[in-house]
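[1] what's the 3D shape of this:
(chains A and B)
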Amino acid sequence: MRALAALQGGFAGLGVAFGICALRLGVGAAVPSKLWLATLVLAGALVAAARRIPLARCARAVDEAVQGNADRTLIALGFSDGAHEGPFVNAAMGDAVRAAGRVRLAKAAPVRRPRGIVAVAALAASTLLLALVPRQARVAQAMRPGEVSGATRTRLDEAMLEPDREAAALAAKKAAALHDGTLEQLANEYRKMLTALAAEGLEPGEALDRLAALERRARAAADEAQALARGMRAAGETMSADPQTRAAGEAMEKLDGAAAREAMEHLAARAGEMTKGERERMAKSLERAGQSAAAAGSHQPGEDGASKQEKRRLSRNEEKERNQDQQSGSEAATRENDRQLKRLERDLDESADRCRDDPEACKGALDETASDLPDMAQQAQRSAAREGLGRSMGQLRERLQRMDHGGGQGQRQGERSFERAAEGQQQGSQASQGPGGDGEMTPGQTGARPQHGGPGKTGGDGTPTASGSATAQSTAASRATSGGEGAGKDPGGDPLGARGGMGTRGEIHESHVRSGAGPIRAEVIESGAKRGFAHTDYQRVFDEYNAAVEETLDTTAVPAGRRYIVRRYFQLIRPRATP
Amino acid sequence: MNVEAAAAQFNKDLATLLEEIGRRIVGHRPIVEGVATALLAGGHVLLEGVPGLGKTLLVRTLADVLDLSFARIQFTPDLMPSDITGTNLIVESGGQRKFEFQKGPIFSHLLLADEINRATPKTQSALLEAMQEQAVTIGRQSWELPSPFFVLATQNPIEMEGTYPLPEAQLDRFFFKLRVTSPGREDLHAILDRTTGAATPAVRSVLTRERLLEMRMLIRQVPVARPIQDYVVRLIESTHPDRSSSTEIKKFVRFGSSPRGAQAVLLAAKVGALRAGRFSPSFDDVRQAVPAALRHRVLLNFEGEADGVSTDQLIERLLASLPET
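    Predicted coordinates for the structure are as follows:
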């Protein structure tokens, strides 16, 4: 058994010798001398032969060599520890000795093929191969210059940067329109950085740092007038609820200063003709708008929503830097915007008070408010534009971070396939767009401005769920908003309601129509075609959805990978400029 | 007498016993050997099989060849514990009335508890307690059961209606659980030849009670080498799902064998060694004993029952996978 162990040890030494040779050949070093290798083999054999062979293994070998020995040797070995005594133990040991006499050594320790022969053969083959292949060729292949340094730079395809370029261009355009130097500077720097990323690429750390700094500046700049923008929107939303102030309210909601001024001036012009009740109603609307502006301006959703998320995203140092930036650069601007917001509140409150007193004072106050609105709107628009640019920067930063964390080529491929899939889907949906709409229709509406229903703007071939009879009783109800119960049975008439006069001021009627089948789809389409389908600007829809998505992503624990996919999707379906 | 001679005599007597039983019982050699092993090791046997396979005949034959007293109890749902153990009755003696204990059928050397799962748990417990304690206690008085005391219980695995399956704790009191299967074609021919003819095969008493007790004592003297005992210990440990490395055991077993299982395995292995003319059990002796000793001690969980896994299969795979040393 010792001889076998020595053989096995020598074989292991041979394997080690081949391994060393292969290694040295691989790195281009000289192969050790034959004597050295022979010493290794010999040392392996000697060490293995000198090692203690467990007696239990010898006993098992003897038992296996004798047919029907039934573990006699191992059992006798077990009794040899002295723990057992007695005639039975003696008998068992004697029995084992007798059985061991029948053992043939060749059977107990047969010459076997050494273990690991395949591994040693593989090592030998590798060594031979390495010895045959010229070393210079291997070195040349391994040391191809330039590849390593170029691969580490962060570089993005032009196509991947297209949405970001568009965002930068849009920001520059808005900056020119709004006379916003800060935004213009940010947009220019962003554009330069995008060009650098697409052309020669940037070091990963450098790209992220520069982008994070830009994003911080954009968001800090957006924060300057954010309260004002929120206040204006909130005031506009409140005013939109009242028919008298709706036009001005809607313009304020859109931060459209010129339209808001015009609507407010129109309101001022009409103040003299208004009854006391109408003025009172208007005053209430303005008063509520002032309160809404104050509430929205003081409430900072960023504190409990987006900003918290942002704070988590940015490191503590970054946050500190950002605060420093804010303190040093934009304190004055923030104060100015706060002053503007207070002025808006005051204007609306004063207008409300004056309108309650007398028409002339009301007119003056409304005119004054109107004159202030364009400046305020412009400030608020600046904030929105800066915020948009900052968001685009944040999205790019997330993409770069993902590439750093194991993205790379696979990431880019994934993005491309995702993009292709999204485009394919778009094409598919366009192809399957059929006539008609998917909107639900309210029956019995015959006014000139149907408030509900109408076919959807896009989509497949939706079926109107109900429709009213053309002979509905509400012939004069130009503002009828309530629908009838059930569906009309008779086929006649215009399901969307006949064209009505805009100026009529009828009373609200409840329409009663009979139940039954509504108009067929063709009739609905025909009716819609006469008047034009309901239409909402895609840009507006997109902005609303995108804002909702951003808010959700900021306030919800969406995994980073999914967050990226959602944002990328919205980038892909963004409105594009018509050629 | 030296141990070689004692072992040889043991071997000869056991062979004679089995041969004599074989004169009346056709086939069922593993069952007969299992029963003999349990009898010699001092344990009780649970026989599982459908009716008509010769279980009762086997016990009766055993009683005949051993020259021991024999009793049979047919377990039914209305059987009371006192019907087994006996009860105190009022008897008149010398003009005086007094209570006197009337021994029940349990006071015999060999007891056949036929269809043990038909009696209520209360009655089953009375028998199983007596099996464990080797004594019956009525009131404040205890009566020792005769020695050797050997119970051979049977149960029918297919008729489960109106039965009370033995609880796991009581199953553990049986040394072996043997499964009696239907005889093969040749055995059936032999059975028909022997039992439908004019003459019924007779058996003679080949072992006395005293000799049986001596053989039992001899078995207890057989030593076990540490590697073998270690194998048994590892084997028993491996039947426990929380200690086993076998994924099947972890998946399908609820409880593993108790230490009583290890005792049964080792004692049966000792009998096996003596039967083979050796003085200490080997790994093979252990492996031979394991299925009968552990199949009622390894309890399957719901998943095992639902998947139709059998304990025998699990034990077989465990034996195949567990290294000897």
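[2] Please make it C-alpha for all contacts and neighbour counts, starting now.
    Will do.
[3] quick one: contacts for the closest residue to A:Leu228 other than its chain neighbours?
    Residue nearest to A:Leu228 in three dimensions, not counting chain neighbours: A:Leu341, with 5.1 Å by CA to CA, 6 or more residues apart in numbering or on different chains. Counting by CA atoms under 8 Å, 6 or more residues apart in numbering or on different chains, A:Leu341 touches A:Ala227, A:Leu228, A:Gly231, A:Met232, A:Ala293, A:Ala294, A:Gly297, A:Met376.
[4] Which positions in stretch A:2-10 come out as buried?
    Counting neighbours by 16 or more other CA atoms under 10 Å in any protein chain shown, one finds that the buried residues in stretch A:2-10 are A:Arg2, A:Leu4, A:Ala5, A:Ala6, A:Leu7, A:Gln8, A:Gly9, A:Gly10.
[5] Hmm, the first one is touching A:Ala49, no?
    Yes: taking CA atoms under 8 Å as the contact criterion, A:Arg2 and A:Ala49 are neighbours in contact, 5.3 Å apart.
[6] quick revisit: restrict the buried residues of stretch A:2-10 to contacts with chain B.
    When contact is defined as CA under 8 Å from any CA of the partner chain, those do not meet chain B at all.
[7] With pLDDT and secondary structure added, can I get these in JSON lines?
    Below are the buried residues of stretch A:2-10 laid out as JSON lines (pLDDT from 0 to 100; DSSP: H, G, I helix; E, B strand; the rest coil):
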{"residue": "A:Arg2", "pLDDT": "79", "secondary structure": "helix"}
{"residue": "A:Leu4", "pLDDT": "81", "secondary structure": "helix"}
{"residue": "A:Ala5", "pLDDT": "81", "secondary structure": "helix"}
{"residue": "A:Ala6", "pLDDT": "83", "secondary structure": "helix"}
{"residue": "A:Leu7", "pLDDT": "84", "secondary structure": "helix"}
{"residue": "A:Gln8", "pLDDT": "83", "secondary structure": "helix"}
{"residue": "A:Gly9", "pLDDT": "84", "secondary structure": "helix"}
{"residue": "A:Gly10", "pLDDT": "84", "secondary structure": "helix"}
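[8] Distance of the closest residue to chain A within the stretch 51-200 of chain B relative to B:Ala276?
    Closest approach between the stretch 51-200 of chain B and chain A, counting by CA to the nearest CA: B:Phe176, at 23.8 Å. According to CA to CA, to the nearest Å, B:Phe176 stands 20 Å off from B:Ala276.
[9] The two: who's more crowded?
    B:Phe176 (31 against 16; other CA atoms under 10 Å in any protein chain shown).
[10] who touches the residue of the stretch 51-200 of chain B closest to chain A in this structure?
    Contacts of B:Phe176 (CA under 8 Å, 6+ apart): B:Gly34, B:Ala38, B:Gly43, B:His44, B:Val45, B:Leu46, B:Ala264, B:Ala292, B:Ala293, B:Leu294.
[11] Wasn't the second one part of a strand?
    When you say that, I think you mean B:Ala38. No: remark: B:Ala38 does not belong to a strand; assigned using DSSP: H, G, I helix; E, B strand; the rest coil, it is helix.
[12] residues near it, how many?
    Look at B:Ala38: counted by other CA under 10 Å, it has 25 neighbours.
[13] Just the C-alphas of stretch B:149-166, formatted as CSV.
    Output in CSV follows, covering the C-alpha atoms of stretch B:149-166 (Å, rounded to 0.1, in the frame of the first residue of the first chain):
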residue,chain,number,x,y,z
PHE,B,149,-43.2,-13.7,26.8
PHE,B,150,-43.6,-13.2,23.1
VAL,B,151,-46.5,-11.3,21.4
LEU,B,152,-47.2,-11.7,17.8
ALA,B,153,-49.8,-9.2,16.7
THR,B,154,-51.4,-9.1,13.3
GLN,B,155,-53.1,-6.4,11.4
ASN,B,156,-54.9,-6.2,8.1
PRO,B,157,-53.6,-3.3,6.0
ILE,B,158,-56.6,-3.2,3.6
GLU,B,159,-59.6,-3.1,5.8
MET,B,160,-59.4,0.2,7.4
GLU,B,161,-63.1,0.6,8.1
GLY,B,162,-63.9,0.4,11.8
THR,B,163,-60.2,0.0,12.8
TYR,B,164,-58.1,1.9,15.3
PRO,B,165,-54.6,2.2,13.8
LEU,B,166,-51.9,1.8,16.4
